[in-house]
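Enquirer: Here's a sequence, model it:
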Amino acid sequence: MISLSRISKQYGRQLVFVDASFQLNPGERAGLVGPNGAGKTTLFRMIVGEESADDGDVSVPKKMTIGYFRQDIEEMSGRSVLDEAIAGSGRLGDLHHELEALQNAMSDPDRTYENNAEMDAILDRFGHVQEDYSHLGGYELEARAREVLHGLGFEDDRIDGDAGALSGGWKMRVAMAKVLLGRPDVLLMDEPTNHLDIESIIWLEDFLKRYDGSLLMTSHDREFMNRVVTKIVEIDEGDLVTYSGNFEFYERERAIRETNREAAYARQQSMLAKEQRFIDRFAAHAAKAAQVQSRVKALDKIEKLEPPKKRKTMKFDFRRPSRSGDDVAVLKGVSKKYGQRTIYDGFDFLVRRGERWCVMGKNGAGKSTLLKMVSGSLEPDGGSVRLGASLKMGYFSQQAFDVLDPNLTVWEQIQKDFPLESIGTLRSLLGAFQFSGDEVEKKIRSLSGGERSRLVLARMLLDPPNFLVLDEPTNHLDLATKEMLVEALKDFDGTMLFVSHDRMFLRGLSNRVLELPEERGAAPRVYGGSYVEYVNASGHEAPGVHA
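Expert: Numbering: from 1, shown residues only. This next block holds a predicted model:
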């Protein structure tokens, strides 16, 4: 059991925790929630001993093993993906590679031993390592590693390839595989779904629900959090408040708690005002002097309630885009290859005005390739891509950050882009995307990936195009911003083509589904209804993954 008892933590003038307590019991799966900067990462770092509390106790049993998945990547080079995952998986991984080294030493024909004692020492060590390795289930380790890596989206050729050649997102998946393979007593996971596609997210959900250790995680994916956790720990104004239920239960209970706080505050304010009126009215009356003094003393003793702070998500009324022609994008006989791999072969696809297509498919199926061809940033090898009349396109991808000037602040960038807009309009826009107060003075070069995503989306939607092409627009967005974006785009009077791993986004916005096949040579499938209807009709939430 991990226990935090009456901890306090302060950075300069910022109070992160004040006399806060909570415990994580064996087998519990808890979600850690709170606004950005509330102290979620600080809490993780205190549990693993990288930081200490200013006051109070953080109690972690000495023999307890902890696996910590975080949003930074260690250097990976010189090993295959499989070996890298195994090497970082804790005690069992260490034994695996020591056993390998001892076997090589014993079978190396070019190696000579000065005396039998050296070989005896190697044989003796080999016996001990082999016993420990076997006892811990080591001979199933490679098979389990491949299973985990497959679940996280790796194909066999990539599993056996160089880990150092992977992109940052794929290296994050290797880092996660290391933690999962280690089978620690406690898993700490900081935003585990950020770099995963929907298939891998669903696999991870199932893995964590079957995991018999304890779990404490943060996630901006409402659906994922709701399905996995059985307890919510909220960081609220420096305190740690526990709710025994999933994320939906937490939201309901929190709303009730806030309503009760507001009612209690209102009742107390009404009582205080009534007492003050009596005191003011009879302060000069000699006959009432004793009563007045008594009430003044009573008021002084009452513990005054603080006015409840409401968390507000700013909304922004986005403008209506101009009307496009009926045929927005027409693809005829499109073919596309990467080397020997055929992605599209004679592909026909029509996007009509008002349709909101979500594109489903496993990694490598061609989702981003389709969006790039439609946006004009990638030419097909054959066939044609034609865009309709009166079209204004907005294309968002993880490469869209190039439109930002790293030397400007957030405020300077938005004023440069929209010099004729009023200060009030621009502040409301930035506030809707969670830029408020001093945050608008941040240099763009210092923004996180999530902050840059928010800024690019804000710029795009102030003067909205009538055709939105969005490649994973919710990556790194927090829950409040995602909800605001979904609500805003529900009223979007234009056409959409998008890829997303976020099921709240998929359910809230799609009215058409294009499923790209896993099998080579198979034709893409079109569903003439929403993502919800697609799940009901197909029986799965993503290609090849059953609901």
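
Enquirer: Mind giving me the packing neighbours of the helix or strand harbouring residue 357?
Expert: Per DSSP states H and E: residue 357 is located in strand 356-360. Where contact means 3 or more CB pairs under 8 Å, 6 or more residues apart in numbering; DSSP states H and E, strand 356-360 is packed against helix 367-375, strand 495-499, helix 503-509, strand 512-515. (C-beta placed from N, C-alpha, C; glycine too.)

Enquirer: now, of the ones you listed, which is deepest in the fold?
Expert: strand 495-499 (a mean of 24; mean count of other CB atoms under 10 Å).

Enquirer: I'd like to know which elements that strand is packed against.
Expert: For strand 495-499, the helices and strands in contact under the criterion 3+ CB pairs under 8 Å, 6+ apart are strand 341-352, strand 356-360, helix 367-375, strand 467-471, helix 503-509.

Enquirer: Which one of those lies nearest to residue 225?
Expert: Comparison of the helices and strands packed on strand 495-499 against residue 225 by CB to CB identifies helix 503-509 as nearest, at 10.8 Å.

Enquirer: Correct me if wrong: residue 409 contacts residue 438.
Expert: No. Residue 409 is not in contact with residue 438 according to CB atoms under 8 Å; the separation is 10.3 Å.

Enquirer: before we move on, the earlier item: dump the helices and strands packed on strand 356-360 to JSON lines, plus mean pLDDT.
Expert: Conversion of these to JSON lines gives the following (pLDDT from 0 to 100):
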{"stretch": "helix 367-375", "mean pLDDT": "93"}
{"stretch": "strand 495-499", "mean pLDDT": "95"}
{"stretch": "helix 503-509", "mean pLDDT": "92"}
{"stretch": "strand 512-515", "mean pLDDT": "94"}
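
Enquirer: just the strands in the stretch 301-450 of the chain please.
Expert: Assigned strands in the stretch 301-450 of the chain, in chain order: 327-338, 341-352, 356-360, 382-387, 393-396 (criterion: DSSP state E, counting those that start in this stretch).

Enquirer: Residue 409 and residue 438: which has the busier surroundings?
Expert: With neighbours defined as other CB atoms under 10 Å, residue 409 and residue 438 compare such that residue 409 has more, 18 against 7.

Enquirer: Next up, the contacts around the residue nearest to that one when sequence neighbours are not counted.
Expert: If you skip the residues right next to it in sequence, residue 409 has residue 441 as its closest partner in space, 5.2 Å away by CB to CB, 6 or more residues apart in numbering. The contact partners of residue 441, by CB atoms under 8 Å, 6 or more residues apart in numbering, come to 409-411.

Enquirer: Just the pLDDT for residue 441.
Expert: The predicted local confidence for residue 441 comes out at a pLDDT of 91.

Enquirer: repeat for residue 220
Expert: Reported pLDDT for residue 220: 88.

Enquirer: Correct me if wrong: it contacts residue 192.
Expert: No. At 10.5 Å, residue 220 does not count as touching residue 192 under the criterion of CB under 8 Å.

Enquirer: Looking at those two, which is more packed in?
Expert: residue 192 (27 against 21).

Enquirer: Which element, helix or strand, includes that one?
Expert: Under DSSP H and E, no helix or strand contains residue 192.

Enquirer: Double-check it against residue 204; I have them as touching.
Expert: Yes. Using CB under 8 Å, residue 192 is in contact with residue 204, at 6.5 Å.

Enquirer: can you give me the helices in the stretch 401-547 of the chain?
Expert: Under the criterion DSSP state H, counting those that start in this stretch, the stretch 401-547 of the chain contains helices at 410-417, 423-432, 449-462, 479-490, 503-509, 531-538.

Enquirer: swap in the stretch 201-350 of the chain?
Expert: Residue ranges of the helices in the stretch 201-350 of the chain, as given by DSSP H, counting those that start in this stretch, are 222-228, 247-282, 289-301.

Enquirer: Please identify the most buried of the ones you listed.
Expert: Comparing the helices of the stretch 201-350 of the chain on average neighbours, where mean count of other CB under 10 Å defines a contact, helix 222-228 leads with a mean of 21.

Enquirer: What are the contacting residues of it?
Expert: Residues from elsewhere that reach helix 222-228, judged by CB under 8 Å, 6+ apart: 29, 31, 193, 201, 204-205, 208-209, 215, 217, 219, 246-248, 479, 482, 502-504.
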